[in-house]
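> any chance you can model this:
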Amino acid sequence: MHAPDSYDAVIVGGGHNGLVAAAYLARAGQSVLVLERLATTGGAAVSTRPFDGVDARLSRYSYLVSLLPRKIVRDLGLDFAVRKRTVSSYTPTVRGGRATGLLVGGDRTRDSFAALTGSNREYEAWQRFYGMTRRVAERVFPTLTEPLPTRDALRARIGDKEAWQALFEEPIGVAVEENFRDDLVRGVVLTDALIGTFADAHEPSLLQNRCFLYHVIGGGTGDWDVPVGGMGALTDALARAALAAGAQIRVRHEATRIDTDGTTAAITVRSPDAEHVVTARRVLVNASPQALAALLGDEPPAPAEGAQLKVNMLLTRLPRLRDRSVDPREAFAGTFHIAEGYGQLADAYRDAAAGRLPSAPPSEIYCHSLTDPSILGPGLAARGYQTLTLFGLHTPARLFAADNAATRAELLTATLAELDAHLDEPVTDCLARDENGEPCIEAKTPLDLEQDLRLPGGHIFHRDLAFPYATESTGRWGVETAHANVLLCGAGAVRGGGVSGVPGHNAAMAALGR
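Predicted coordinates for the structure are as follows:
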């Protein structure tokens with residue numbers, strides 16, 4: 001070992017939150033070192049070419065943007081943009097023996113509700129319900145980059161007793177059932193409470209409510225937008241901003257231990273060539289709470305468990321739909337819901353809770369390239385190729401423990417069969433082929449995400465989400481730890497989860513004493 005280098009701040013992990021923190025601290029004049037164990041920065045927010053010899057850069061893990069504050073983009077001068085989707089969602093179903101569906105977004109929404117349900121009641125309930133969530137979003141979203149409000153202060157800021165009751169006090173299933181009658185409409189609403197979250201609509205812990213809240217407050221609107229150039233465009237822009245401000249970034253450098261006396265920290269670093277120590281006044285850890293505890297030698301928190309299937313596909317063309325009233329380019333431009341009726345979601349949860357794969361696996365799909373074809377090489381785009389991203393629900397990590405590969409294959413087959421039930425042709429007939437002649441499709445289970453990205457239990461939020469207000473254990477910014485000069489700047493911080501940069505911003509503000 002050689003004499004340790006010394007910095008104002010060392011950031012462990014070069015995911016998007018770590019890069020946000022690095023850029024803010026470096027712009028404030030601090031000396032900053034980012035340590036990333038992988039060969040590239042970005043963590044789960046990356047674009048890659050997963051198929052051999054195919055010029056398509058897919059957002060391999062995370063894929064849509066809602067919770068990233070424009071404040072961060074402006075503050076850091078990021079060359080990054082998002083694009084609105086023309087359709088919010090399409091949900092196919094069969095009514096009276098006829099293929100039909102619910103299209104949400106644009107001028108056809110009211111008529112689509114009426115055609116599905118036979119009246120305007122559900123559409124009007126939809127407008128009222130999401131008018132309520134929009135008002136909550138306008139009040140809550142700006143608080144994410146401020147010191148944590150108290151529960152009472154947040155409730156006063158929202159200023160709506162019914163909204164507070166529905167979102168913060170009682171299981172979201174109560175509000176869904178009180179506001180909507182149609183099973184399919186209820187299911188579409190509930191899905192926002194279940195993304196990456198294994199819970200029932202009436203779970204007493206309100207875990208599903210916390211998930212729902214973060215899915216409807218983004219940007220103050222609840223919109224989920226397409227990152228132009230793919231998710232890697234964001235993390236590339238963040239890395240450039242951090243470097244331009246003077247931060248150092250070292251890839252293939254893994255922090256293996258943190259020793260701190262509360263004033264100075266020594267970080268043991270393993271690189272391809274050697275092991276050495278760097279010191280810092282502060283350490284910001286862009287990793288899971290489990291990883292933080294391991295680095296510090298602290299008692300680990302309760303185990304986390306992810307519950308999703310992620311599938312990436314490249315198609316030569318979009319498949320034809322059985323519902324001929326909707327163009328596939330409309331249906332796949334938004335979120336295409338599969339087996340996500342309210343009863344189906346409840347059945348899938350019960351199956352998984354009993355230790356078996358859902359008999360009808362729920363999932364949702366969208367096509368990035370319809371909104372942003374820049375992720376495709378010119379040749380693919382000219383020939384009409386399209387990407388599909390599928391996110392499956394209610395598949396907790398425990399289901400894959402015995403045989404991950406075999407269970408993954410079984411689940412993928414069942415999930416695609418649920419999609420095919422609403423298509424005029426199997427989706428596999430539309431898959432492109434890589435340079436080896438293999439179909440362009442890959443699937444990732446929670447165990448795969450744990451292996452690839454060290455997400456504990458494959459949990460995409462690092463741990464269960466928390467309501468965005470202070471409690472006795474949160475600290476001022478929701479990033480503090482038991483060690484005065486160690487901060488958590490990853491998704492496991494309060495107000496973490498999703499591609500937001502919020503924990504990175506808040507950890508930087510805490511480090512700067514703001």
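> rest of the way, CA atoms for contacts and neighbours
Noted.
> mind listing the helices for the stretch 401-514 of the chain?
Using DSSP state H, counting those that start in this stretch, the helices assigned to the stretch 401-514 of the chain run over residues 404-420, 446-453, 502-511.
> got a markdown table for those helices, with distance to residue 112 too?
Listed next are the helices of the stretch 401-514 of the chain as a markdown table, based on distance: least, C-alpha to C-alpha, whole Å:
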| stretch | distance to residue 112 |
| --- | --- |
| helix 404-420 | 20 |
| helix 446-453 | 35 |
| helix 502-511 | 37 |
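> most tightly packed of those helices?
Stretch with highest mean neighbour count among those: helix 502-511 (a mean of 27; mean count of other C-alpha atoms under 10 Å).
> ok, residues contacting that one?
16-22, 24-25, 68-69, 72, 144-147, 282, 284, 286, 477-480, 487-491, 493-496 (C-alpha atoms under 8 Å, 6 or more residues apart in numbering).
> show me those residues that map onto strands.
Secondary structure from DSSP state E places 282, 284, 487, 488 of the contacts of helix 502-511 in strands.
> out of the residues you listed, who's nearest residue 182?
When the ones in strands among the contacts of helix 502-511 are compared for distance to residue 182 (C-alpha to C-alpha), residue 488 comes out closest, at 42.6 Å.
> what is the burial count for that closest one?
Residues near residue 488, counting by other C-alpha atoms under 10 Å, number 27.
> could you do the one 5 residues further on as well?
Burial measure for residue 493: 30 neighbouring residues, criterion other C-alpha under 10 Å.
> how near is the closest residue to it other than its chain neighbours to residue 170?
Counting by C-alpha to C-alpha, 6 or more residues apart in numbering, residue 493 lies nearest to residue 479, which is 5.3 Å off, once chain neighbours are set aside. Distance check for residue 479 against residue 170: by C-alpha to C-alpha, to the nearest Å, it reads 27 Å.
> ok, those two, which is more surrounded?
Neighbours were tallied for residue 479 and for residue 170 using other C-alpha under 10 Å; the higher tally belongs to residue 479 (28 against 17).
> OK, contacts around the more buried one?
Contact analysis of residue 479 by C-alpha under 8 Å, 6+ apart lists 487, 488, 489, 493, 494, 503, 506, 507, 510.
> how much space separates it from residue 144?
12 Å.
> longest helix in this structure, please.
Determined from DSSP state H, the single longest helix within the chain is helix 121-140.
> what's that helix packed up against?
helix 109-117, helix 151-158, helix 161-164, helix 207-216 (3 or more C-alpha pairs under 8 Å, 6 or more residues apart in numbering; DSSP states H and E).
> nearest to residue 470, of the ones you listed?
helix 151-158 (6.5 Å).
> can you pull out the helices in the stretch 251-400 of the chain?
Applying DSSP H, counting those that start in this stretch to the stretch 251-400 of the chain gives helices spanning 289-296, 328-331, 342-353, 368-371, 378-382.
> residue 162 is nearest to which of those?
helix 342-353 (22.6 Å).
> run through the neighbouring helices and strands of that closest one.
Counting by 3+ C-alpha pairs under 8 Å, 6+ apart, helix 342-353 packs on helix 183-190.
> now the helix it packs on: mean pLDDT?
Across helix 183-190, pLDDT averages out at 98.
> for that helix, name the packing helices and strands.
helix 172-179, helix 342-353.
> closest to residue 57 out of these?
Closest approach to residue 57 among these (C-alpha to C-alpha): helix 342-353, 31.8 Å.
> return the set of buried residues in the closest one.
Judged by neighbour count using 16 or more other C-alpha atoms under 10 Å, the buried positions of helix 342-353 are 342, 344, 345, 346, 347, 348, 349, 350, 351, 352, 353.
> same check on stretch 63-73?
Across stretch 63-73, burial judged by 16+ other C-alpha under 10 Å covers 63, 64, 65, 66, 67, 69, 72, 73.
> distance from that stretch to the middle of the chain?
Averaged C-alpha coordinates place stretch 63-73 at 12 Å from its chain's average position (C-alpha atoms, centre = their mean, to the nearest Å).
> pull up the distance across it, start to finish.
Chord length of stretch 63-73, first to last residue, is 18 Å (C-alpha to C-alpha).
> hmm, who's touching it?
Under C-alpha under 8 Å, 6+ apart, the answer for stretch 63-73 is 45, 80, 82, 214-215, 217-219, 222-227, 230-231, 498-502, 505.
> need the contact list for the closest residue to residue 249 other than its chain neighbours.
Of all residues not flanking residue 249 in the chain, residue 34 sits nearest, at 4.7 Å (C-alpha to C-alpha, 6+ apart). Under the criterion of C-alpha under 8 Å, 6+ apart, the neighbours of residue 34 are 10, 11, 12, 13, 14, 18, 19, 22, 247, 248, 249, 250.
> got those as CSV, with pLDDT columns?
Converted to CSV, the contacts of residue 34 look like this (pLDDT from 0 to 100):
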residue, pLDDT
10, 98
11, 98
12, 98
13, 98
14, 98
18, 98
19, 98
22, 98
247, 98
248, 98
249, 98
250, 98
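> so which of those residues sit within helices?
Under the assignment DSSP H, the contacts of residue 34 contribute 18, 19, 22 to helices.
> for the residue nearest to residue 249, give the beta-bridge partners.
With DSSP bridges applied, residue 34 shows beta-bridge pairing to residue 11, residue 249.
> for residue 192, see how far away the residue lying closest to residue 397 once chain neighbours are set aside is.
Distances taken as C-alpha to C-alpha, 6+ apart place residue 446 nearest to residue 397, at 5.3 Å, with adjacent residues excluded. Distance, residue 446 to residue 192, by C-alpha to C-alpha: 19 Å.
> now swap in residue 361 and tell me
Plainly put, residue 361 is 16 Å away from residue 192 if you go by C-alpha to C-alpha.
> what of residue 479?
Residue 479 sits 25 Å away from residue 192, going by C-alpha to C-alpha.
> so for residue 303, what's the pLDDT?
The per-residue pLDDT reported for residue 303 equals 88.
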